[in-house]
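In: Below are the sequence and a predicted model for it; my questions follow.
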Amino acid sequence: MQRVCFLLKVRQDKLAEYRERHAAVWPEMLEALSATGWHNYSLFLRDDGLLVGYLETEDFEAAKAGMEATEVNARWQQEMGPFFEALDGARPDEAMKPLTEVFHLA
């Protein structure tokens with residue numbers, strides 16, 4: 001099982017709306033994430049917009065590819081893109097760069 005952590009930055013002027021959107025994630029998006037191997041997935045948001053994502057999956061590249069193939073992910077990424085800083089034209093899911101784990105206590 002891979003444990004994946006990544007960072008993104010939510011725009012300060014979009015923090016409240018970002019929180020609202022994630023309080024009501026589309027059911028079909030939740031189903032697609034589970035079906036493509038995204039488990040124990042959490043997002044943590046700091047007041048300055050720093051977003052920390054964490055998930056567990058058997059294969060992160062396969063999980064990303066699985067979501068890439070879904071129509072609901074394309075719609076979700078299009079809607080979420082304007083919430084983020086420094087994507088340089090990438091979708092939010094394309095900007096998820098896993099951090100290197102340096103410590104873990106099981």
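Out: Sure, I can see it. Numbering: from 1, shown residues only.
In: Would you map the strands across this protein?
Out: Read by DSSP state E, the chain holds these strands, from start to end of the chain: 2-9, 39-45, 50-57.
In: Give me the angle between the last one and strand 39-45.
Out: Think strand 50-57. 180 degrees (axes from the mean of the first three to the mean of the last three Cα atoms, to 10 degrees).
In: and the gap between residue 17 and residue 43?
Out: Here residue 17 is placed at a distance of 14 Å from residue 43 (Cβ to Cβ, to the nearest Å). (C-beta placed from N, C-alpha, C; glycine too.)
In: So which of these two has more stuff around it?
Out: The neighbour count for residue 17 versus residue 43, taken as other Cβ atoms under 10 Å, is higher for residue 43 (16 against 13).
In: Pretty sure the more buried one sits against residue 19.
Out: No - the pair formed by residue 43 and residue 19 falls short of the contact definition of Cβ atoms under 8 Å, at 9.8 Å.
In: before we move on, back to that, to residue 77, which of the strands of the chain lies closest?
Out: For residue 77, the closest of the strands of the chain is strand 2-9, at 12.1 Å, according to Cβ to Cβ.
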